[in-house]
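Asks: just need the structure, nothing else, for what follows:
(3 chains)
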Amino acid sequence: MTEVLSPLTVDDAIALLVEHDEAMPLAGGATLIAMRNASLVEPSHLVSLDRIAELRGIDRTADGTIRIGAMTRHCDTAACAELTGSLHVLRRAAGMIANRVVRNMGTMGGAVANADPAADYLPALACCDATLEIAGPEGRRSLSIHDYVDDWYETALGEGEIITAIMLPAPVEAPSAYRKIARVSGDYATASCAMALDPDGQGLRVAIGACGPGPLRDRAGEDALRGKLHDPAALAEFAGRLVALADPVDDVRGSAEYRLRLIPRLVASVLSELAPQKETA
Amino acid sequence: MMVKKVLHSLTLNGEEVQVATAAGATLLQTLREDLRILSSKRGCNQGVCGACTVLVDGTPVRACLTLTARCEGHAVQTMEGMDGDRVMATLQRHMVQSGGVQCGFCTGGVLISARDLLEADPTPSREAVKTALSGNICRCTGYRTIVDAVCGAAEELSQ
Amino acid sequence: MKIEGEFEVEAPRSEVWDRIRDPQVMGACIPGCEAVEQVDDMAYRANISVKVGPIKARFNLLVEVLEERPEHTILSRTSGEEGTRASVVTSDNVVRLCDTDSGGTRVDYAADVSVTGRLGKFGLGIFRKKADQLAAQFVENFRARLGVTA
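Replies: Numbers count the residues shown, from 1 in each chain, chains lettered A, B, ... in the order given. Next up, the predicted model:
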């Protein structure tokens, strides 16, 4: 038996989450209602966030920063024309989540809050250096996506806190892409890779998904790789550093060992899509 | 055990209805158990199989993952309300002709997804049909006859 | 699901044995253990809460010692249910102690765990990660209990 509450403001939603011990915030429901149907969670109250205007829409601010409201559905992110160049990776990731119908339901805030290690947004957002806007009983705060995942399914979100928006730095003209290896179309990733090139084409940003509690990102390794994207030894060393950071699970989607082997291949294949090596005669 | 019921108002197949349903019920539960709308099937109850797919405000969603409370003031459409719909009627005829219906459990969801595709893309490629139906699982047909039916219906409708 | 591991403590084997055979000590070291009740010399009951993300599970377990070879091996079976009997858990466990060259004790443990019911629907891969974390936390608590750091 779950009571559904539908507050109209963020403050009211937080007050309800604080008031009821066993309450959970409900975004699109694509995961949480499935979990409730399977009796994996038994909330006394679901605080539905769908009537809160502040959580909706994608906006570009004066300085070019893009703000994605937490309740933005995957289908709207996948179709968002603002997500160009370096942010195209996020559009691609959104378009690969589950299937058309589920993309009409699931939201970015909900997916990020759930922090499934094999889901698609976290690596894409880590690649974009996104920032999360969070509201809670103690007020509002911003948090870098890199400081967000603490452990398997554990995040920096405290009791009564919700994500209100995802902030993305202004897009720059540089190619970016997302690729996932999955058993069938629409499944969670066995492993995934989000990548964006630097505008000068000399460096890159890479985040690997489904190979640890949170996305893997090695910024020092990225710096070391600058200018050497087509040096096979340097690229192998960089991929090796990502493998060393990985801590994948063994599950039905693949063994831990298989996932480790996918990482270098994913990095190489996405890089060859974004920066095809020039043929040397 | 006493089940607490909550009253909700929504538009179902063009008619205003008031329904008393269990607190926290999914739209699938309310449709099947309280409104006796049976075209939306309970398959996995996890949003994976697609057999419960219905339209809310014209957009296909999983009834098993949608809370009835969220449909308050919104328009829900199921197969039962599509009798006069030309696209749906054509799809249904082609599904029967091509053998796209065997046990029939997935058929309602398949048709809702297929209709949504044809509204967005009246002349889809076979690949586009497969992609659009990737969230609808069929255990009988092997899908080929379903894809044939959707492509056949698209062809007829675009003439 | 098999869970295996080993750790060393700088304490003599007889002392480690006594602590491992003491349900109250074990209860204080097992992360999430809320209550331990000795049933008899060879069995105890324990309530253990585990949380993985939004999923909270509270296990009501019976631990029975099946066989012991004093000061080096314990075979035990853990069984019980979780929630309102929504999941059933059983685990066959082996713990072996042996002396280290430095006068301490090495503990080898292995458990064959099976989970059916609602928790069985959740990925076992994550359970294994969680089990490894709980084991690491246990070792830390156990060492602290023995008053040693490593």
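Asks: could you find the closest non-adjacent residue to residue C:53?
Replies: Spatial nearest neighbour of residue C:53, chain neighbours left out: residue A:153 (2.7 Å); criterion: CB to CB, 6 or more residues apart in numbering or on different chains. In this view, the C-beta of every residue, glycine as well, is placed from N, C-alpha and C.
Asks: quick one: buried residues of stretch A:166-179?
Replies: A:166, A:167, A:168, A:171, A:174, A:175, A:176, A:177, A:178, A:179 (16 or more other CB atoms under 10 Å in any protein chain shown).
Asks: now do the phi/psi pair for the third one.
Replies: Right, the one you point to is residue A:168. Main-chain torsions, residue A:168, degrees, to the nearest 10: phi -120, psi 140.
Asks: show me the contacts for the residue nearest to it when sequence neighbours are not counted.
Replies: In space, residue A:168 comes closest to residue A:66 once its chain neighbours are excluded; the distance is 4.4 Å by CB to CB, 6+ apart. Neighbour list for residue A:66: A:58, A:59, A:60, A:82, A:83, A:87, A:167, A:168, A:170, A:171 [criterion: CB atoms under 8 Å, 6 or more residues apart in numbering or on different chains].
Asks: which stretches of the stretch 101-250 of chain A form strands?
Replies: Remark: strands assigned in the stretch 101-250 of chain A by DSSP state E, counting those that start in this stretch are A:131-136, A:139-144, A:149-151, A:154-155, A:162-168, A:176-181, A:191-197, A:204-209.
Asks: for those, which one sits closest to residue C:138?
Replies: For those, the distance to residue C:138 is smallest for strand A:149-151, at 16.7 Å, taking CB to CB.
Asks: got the CA coordinates for stretch C:76-96 in CSV?
Replies: C-alpha atoms of stretch C:76-96 as CSV (Å, rounded to 0.1, in the frame of the first residue of the first chain):
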residue,chain,number,x,y,z
SER,C,76,28.5,-24.1,10.0
ARG,C,77,25.2,-23.5,8.2
THR,C,78,23.3,-20.2,8.1
SER,C,79,19.6,-20.2,7.2
GLY,C,80,16.8,-17.8,7.5
GLU,C,81,14.4,-15.5,5.8
GLU,C,82,14.2,-11.8,5.0
GLY,C,83,11.4,-9.3,5.1
THR,C,84,8.1,-10.9,5.5
ARG,C,85,9.6,-14.2,4.3
ALA,C,86,10.0,-12.7,0.9
SER,C,87,13.4,-14.2,0.4
VAL,C,88,15.0,-17.3,1.8
VAL,C,89,18.7,-17.5,2.4
THR,C,90,21.0,-20.4,3.1
SER,C,91,24.7,-20.5,3.4
ASP,C,92,27.2,-23.3,4.1
ASN,C,93,30.3,-21.9,5.7
VAL,C,94,33.8,-23.1,6.5
VAL,C,95,36.3,-21.2,8.6
ARG,C,96,39.8,-22.5,9.0
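Asks: quick check, it touching chain B?
Replies: No. On the criterion CB under 8 Å from any CB of the partner chain, stretch C:76-96 is out of touch with chain B, staying 12.5 Å away.
Asks: which residues touch the lowest-mean-pLDDT helix or strand in chain C?
Replies: Lowest mean confidence among the helices and strands of chain C (mean pLDDT, DSSP states H and E): helix C:124-146, at a mean of 87. Applying CB under 8 Å, 6+ apart, the external contacts of helix C:124-146 come out as A:151-153, A:213, A:247, A:249-251, C:1, C:3, C:5, C:7, C:9, C:11, C:15-16, C:19, C:25, C:28-32, C:50, C:52, C:109, C:113, C:115, C:119, C:149-150.
Asks: now the residues you listed: which count as buried?
Replies: By neighbour count, with 16+ other CB under 10 Å, these hold A:152-153, A:213, A:247, A:249-251, C:3, C:7, C:9, C:11, C:16, C:19, C:25, C:29-31, C:50, C:52, C:109, C:113, C:115, C:119 as buried.
Asks: stretch A:128-145: how far from the chain's middle?
Replies: Computed by CA atoms, centre = their mean, to the nearest Å, the chain-centroid distance of stretch A:128-145 equals 14 Å.
Asks: quick one, longest strand in chain C?
Replies: strand C:55-69 (DSSP state E).
Asks: so is that strand next to chain A?
Replies: Yes. Judged by CB under 8 Å from any CB, strand C:55-69 and chain A are in contact via residue C:55.
Asks: run the chain-centre distance for that strand.
Replies: Chain-centre distance of strand C:55-69: 8 Å, with CA atoms, centre = their mean.
Asks: what strands line up against it, and which way round?
Replies: Using DSSP bridges, the strands paired with strand C:55-69 in its sheet are strand C:43-52 (antiparallel), strand C:73-82 (antiparallel).
Asks: quick check: closest non-adjacent residue to whichever residue of the stretch 151-281 of chain A sits closest to chain B.
Replies: Taking CB to the nearest CB, chain B has its nearest neighbour within the stretch 151-281 of chain A at residue A:185, 4.9 Å off. The shortest distance from residue A:185 to any residue that is not its chain neighbour, by CB to CB, 6+ apart, is 4.9 Å, and that residue is residue B:134.
Asks: could you look up the SS state of the one you found?
Replies: coil (DSSP: H, G, I helix; E, B strand; the rest coil).
Asks: how far away is it from residue A:102?
Replies: Separation of residue B:134 from residue A:102 (CB to CB, to the nearest Å): 10 Å.
Asks: of these two, who's got more company?
Replies: Using other CB atoms under 10 Å in any protein chain shown, the more surrounded residue of residue B:134 and residue A:102 is residue A:102, with 25 against 18.
Asks: measure the residue lying closest to the more buried one once chain neighbours are set aside to residue C:14 for me?
Replies: Excluding the flanking residues, the one nearest residue A:102 by CB to CB, 6+ apart is residue A:30, at 5.3 Å. Between residue A:30 and residue C:14 the computed distance is 56 Å (CB to CB).
Asks: what about chain B, any weak spots by pLDDT?
Replies: Applying pLDDT under 70 to chain B picks out residues B:1-2.
Asks: and it, what are its domains?
Replies: Following automatic domain parsing, chain B resolves into domains at B:5-81, B:86-158.
Asks: can I get the strands of the stretch 101-250 of chain A in TSV including mean pLDDT?
Replies: Below are the strands of the stretch 101-250 of chain A laid out as TSV (pLDDT from 0 to 100):
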stretch	mean pLDDT
strand A:131-136	98
strand A:139-144	98
strand A:149-151	95
strand A:154-155	96
strand A:162-168	98
strand A:176-181	98
strand A:191-197	98
strand A:204-209	98
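Asks: possible to save these as CSV with distance to residue C:78?
Replies: Converted to CSV, the strands of the stretch 101-250 of chain A look like this (distance: least, CB to CB, whole Å):
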stretch, distance to residue C:78
strand A:131-136, 38
strand A:139-144, 39
strand A:149-151, 24
strand A:154-155, 25
strand A:162-168, 38
strand A:176-181, 37
strand A:191-197, 34
strand A:204-209, 35
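Asks: which residues touch the residue nearest to residue A:102?
Replies: Residues near residue A:30 by CB under 8 Å, 6+ apart: A:98, A:102, A:105, A:106, A:110, B:47, B:62, B:65.
Asks: how far away is the third one from chain C?
Replies: Computed with CB to the nearest CB, to the nearest Å, the distance linking residue A:105 and chain C is 18 Å.
Asks: I figured that residue hits residue B:65, correct?
Replies: Yes. Counting by CB atoms under 8 Å, residue A:105 touches residue B:65, with 6.1 Å between them.
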